[in-house]
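Trainee: Coordinates only, no sequence provided:
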């Protein structure tokens, strides 16, 4: 008879995975088409895209903290997850109706805020859906589905604009987005209900999380996120490295193929990373993922026009993000007290958001002021720091047990 440890792919886990897949398919369409929509359809300058994305990402980080507070309540986390997926789909797709830059900015910010609010609730629901011994596989499956959606979203966008206008393609993206909300609604019906806690105050519990066992790992996670640069900079580095001897269009095409390899590697490794977590520990997988990023960034720093070297850099980064994201979620689920689990996920998600923003902004500044090589060596330095802090945190928690 199958043990609780082996019974991890429950109906709740499957449906949460489906929600992640469908949601990414939906919001990656407007994300992929947003640069063209702003510049070609609305005639906005490129700076408008940067401003919109910066504001949206910043508010999404704040929303993740608030979403963590909502996710601490077993009932609110269910409603927040469903509503978050639905509103993300609606606001994101309505960009297709926008007539000016300000409307695009409002809708993009609203959709990303909803996306930020829902994330801690989804992660807390996954922990509710499986026994503690299966956290790794559950989060690995969800990450694999999310990465698969990120892989398929741009492909769907390209397919849609061969038949429809850019506006219509963005509007059509509401279909997979709303299907994601339906999948999440079905998921919460299959996730065991926890005992409702009376008088749960809606407040952001940062200090209690930091003092908990989960807080021990936050410094290492923060160090990683400060070095976890946006994938667009990896694509830019590849495009520039490949340009000598090739046309700009050809270099960009190769870089985008390498980015697909990055997403494919992340998709394939996530479930195996989860299995390894359940057999050993999340920290080992987390450190392994960080080490892969360190090597990847060194390769990007020394990148030439050699496609094989760039392919190795992209694949290592993809393997790294698949391991790190799975291990971060599984580690927090296992180490945070149940009553603080939502806040813990919210705090980690906020650290991810603001850390990634700082990483991209700082690396971009170093890239411009010094060189791309210096930028990637700076990022590799943070990976080394993160690995050291995570190993120290692991040893500290083991000595306290």
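Mentor: Great, that's in hand. This is a predicted model, so every value here is computed, not measured. Residues are numbered from 1 along each chain as shown.

Trainee: Which other helices and strands does the helix or strand encompassing residue 208 contact?
Mentor: Assigned by DSSP states H and E, residue 208 belongs to helix 206-211. Judged by 3 or more C-beta pairs under 8 Å, 6 or more residues apart in numbering; DSSP states H and E, helix 206-211 is in contact with helix 341-369. Glycine gets a C-beta too; all of them are placed from N, C-alpha and C.

Trainee: Downstream of the helix it packs on, the next helix or strand is which one?
Mentor: Moving toward the C-terminus from helix 341-369, the next helix or strand (DSSP H and E) is helix 372-400.

Trainee: got the buried residues for that next one?
Mentor: By neighbour count, with 16 or more other C-beta atoms under 10 Å as the criterion, the buried positions of helix 372-400 are 372, 375-380, 382-387, 389-391, 393-394.

Trainee: That helix vs helix 341-369, what angle?
Mentor: Using axes from the mean of the first three to the mean of the last three C-alpha atoms, to 10 degrees, the inter-axis angle of helix 372-400 relative to helix 341-369 is 150 degrees.

Trainee: what mean pLDDT would you report for helix 372-400?
Mentor: Taken as a whole, helix 372-400 has a mean pLDDT of 89.

Trainee: about what we covered before: from the chain's centre, how far out does the helix holding residue 208 sit?
Mentor: 23 Å (C-alpha atoms, centre = their mean, to the nearest Å).

Trainee: when you give positions from now on, start the count at 50
Mentor: Shifting the count to begin at 50 puts that one at helix 255-260.

Trainee: Need the residues that contact it.
Mentor: Where contact means C-beta atoms under 8 Å, 6 or more residues apart in numbering, the residues beyond helix 255-260 that reach it are 114, 264, 267, 385, 389, 392, 393, 396.

Trainee: least trustworthy position among these, going by pLDDT?
Mentor: Model confidence across the contacts of helix 255-260 bottoms out at residue 264, which has 84.

Trainee: Quick check: longest helix in this structure by residues?
Mentor: In the chain, taking DSSP state H as the definition, the longest helix is helix 297-328.

Trainee: residues of it that come out buried?
Mentor: 300-301, 303-304, 307-308, 310-327.

Trainee: next SSE after it?
Mentor: By DSSP H and E, the next helix or strand past helix 297-328 is helix 331-350.

Trainee: what about the next helix or strand after that following helix, distance to the chain center?
Mentor: Proceeding N to C from helix 331-350, the next assigned helix or strand is helix 356-384, under DSSP H and E. Centroid displacement of helix 356-384 relative to its chain, using C-alpha atoms, centre = their mean, is 11 Å.

Trainee: Would you mind checking the average pLDDT for helix 356-384?
Mentor: 94.

Trainee: same check, this time on stretch 288-296
Mentor: Here the mean pLDDT over stretch 288-296 is 80, rounded to a whole number.

Trainee: Then stretch 200-211?
Mentor: The predicted model assigns stretch 200-211 a mean pLDDT of 88.

Trainee: got the buried residues for it?
Mentor: Buried, per 16+ other C-beta under 10 Å, within stretch 200-211: 200, 201, 202, 203, 205, 206, 209, 210.

Trainee: and these as a markdown table, adding secondary structure and distance to residue 134?
Mentor: A markdown table is the format used below for the buried residues of stretch 200-211 (DSSP: H, G, I helix; E, B strand; the rest coil; distance: C-beta to C-beta, whole Å):
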| residue | secondary structure | distance to residue 134 |
| --- | --- | --- |
| 200 | helix | 19 |
| 201 | helix | 17 |
| 202 | helix | 15 |
| 203 | helix | 20 |
| 205 | helix | 18 |
| 206 | helix | 20 |
| 209 | helix | 21 |
| 210 | helix | 25 |
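
Trainee: buried stuff in the helix holding residue 257?
Mentor: 255, 258.

Trainee: so after that helix, what's the next helix or strand?
Mentor: Next element after helix 255-260 (DSSP H and E): helix 267-275.

Trainee: Which neighbouring elements make contact with that next one?
Mentor: Under the contact criterion of 3+ C-beta pairs under 8 Å, 6+ apart, helix 267-275 touches helix 331-350, helix 390-418, helix 421-449.

Trainee: hmm, who's touching it?
Mentor: When contacts are taken as C-beta under 8 Å, 6+ apart, the neighbours of helix 267-275 outside the stretch itself are 258-259, 335, 339, 342, 373, 377, 396-397, 400-401, 403-405, 407-408, 431-432, 434-436, 438-439, 441-442.

Trainee: For the closest residue in space to residue 334 that isn't next to it in sequence, the count of nearby residues, please.
Mentor: Distances taken as C-beta to C-beta, 6 or more residues apart in numbering put residue 376 closest to residue 334, at 4.2 Å, once the chain neighbours are dropped. Burial measure for residue 376: 31 neighbouring residues, criterion other C-beta atoms under 10 Å.

Trainee: From residue 382, how far out is residue 376?
Mentor: Separation of residue 376 from residue 382 (C-beta to C-beta, to the nearest Å): 11 Å.

Trainee: who touches both of those two?
Mentor: Common neighbours of residue 376 and residue 382 (criterion: C-beta under 8 Å, 6+ apart): none identified.

Trainee: what sits against residue 370?
Mentor: Neighbour list for residue 370: 277, 311, 315, 338, 342 [criterion: C-beta under 8 Å, 6+ apart].

Trainee: Next one: it from residue 300, what distance?
Mentor: As for residue 370, its distance to residue 300 is 23 Å (criterion: C-beta to C-beta).

Trainee: likewise residue 396?
Mentor: In this structure, residue 396 and residue 300 are 40 Å apart, going by C-beta to C-beta.

Trainee: gap between the host helix or strand of residue 204 and the chain center?
Mentor: Using DSSP H and E, residue 204 sits in helix 184-210. Using C-alpha atoms, centre = their mean, the mean C-alpha position of helix 184-210 is found 11 Å from that of the whole chain.

Trainee: So which elements touch it?
Mentor: Helices and strands touching helix 184-210, as assessed by 3+ C-beta pairs under 8 Å, 6+ apart, comprise helix 60-85, helix 150-178, helix 215-221, helix 297-328, helix 331-350, helix 356-384.

Trainee: The fourth one to helix 184-210, inter-axis angle?
Mentor: With the same axes, to 10 degrees as the basis, helix 297-328 and helix 184-210 are set at 160 degrees to each other.
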